[in-house]
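[1] pasting the sequence and the predicted model now:
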Amino acid sequence: MNKNIIKSSEVLICIYQAIKGNRKSLFDPLAVLKNLGTTQSIMMKVYAFKRSGWLVYRPQIISCQMTELGFNKARRAYIKASFKQKKWDGHWWFLVFDVPEKKRAYREKLRRCLIEMNCRKLQFSVWVTPYDIIDELKILLPSFKVGDWLQVIKSREVSNEKELRKIFGFVKKQ
């Protein structure tokens, strides 16, 4: 791997892990990113993120802090990477929610999160995924609580399994 070229997603994931999901945490970019590249390539990426509005760099104390925009990008990169590591265990996860109309913004945010996590809509408030996404939902929606307006159902069998396997790219073993 060329140590002069660092992928933005790798940097964002390292930063997100270093700040442990706390946007206001300060971090030393050279210490956090030392395994990704040379000092020069790391600082080039830091300045690129600063120009993009993803972080604030404080050279006096050699530290950075994520902006809201940068934090959201880092969180999404972290979640996307976590999905690449998941293997299907044969269960289907159904998310059924009934968010009150006065909480419409929350409901729309929940739907956007489900789409982002590659869930599929079966009905307006019924979604399905082949993976357990509870931890990822808690990261994307910190105020999220299963049971308030959302129920999660784990099942081995579903009436339209053939269709779901096709949608999610699984082929039935013979």
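    Thanks, I have it.

[2] any regions of this structure where pLDDT drops low?
    Counting by pLDDT under 70, the chain shows low-confidence ranges at 1-4, 143-147, 171-174.

[3] can you give me the domain boundaries for it?
    Segmentation of the chain into domains, based on automatic domain parsing, reads 8-79, 92-168.

[4] make CSV out of those domains and add mean neighbour count and distance to Q85.
    Where C-beta positions appear, they are placed from N, C-alpha and C, glycine not excepted. Converted to CSV, the domains of the chain look like this (neighbours: other C-beta atoms under 10 Å; distance: least, C-beta to C-beta, whole Å):
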stretch, mean neighbour count, distance to Q85
domain 8-79, 16, 11
domain 92-168, 15, 10
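
[5] in JSON lines: those domains, plus distance to K86.
    Output for these, formatted as JSON lines (distance: least, C-beta to C-beta, whole Å):
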{"stretch": "domain 8-79", "distance to K86": "11"}
{"stretch": "domain 92-168", "distance to K86": "5"}
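
[6] where's the lengthiest helix in the chain relative to the chain centroid, distance-wise?
    Using DSSP state H to define each element, the chain has its longest helix at helix 68-84. Offset of helix 68-84 from its chain centre (C-alpha atoms, centre = their mean, to the nearest Å): 4 Å.

[7] and the helices in the protein?
    With helices called from DSSP H, the chain shows them at 8-19, 29-32, 39-52, 68-84, 104-116, 134-140, 161-168.

[8] which residues touch the longest helix of the chain?
    Under the contact criterion C-beta atoms under 8 Å, 6 or more residues apart in numbering, helix 68-84 has outside partners 8-9, 12-13, 15-17, 21, 23, 49, 52-55, 66, 116-118, 131, 135-136, 139-140.
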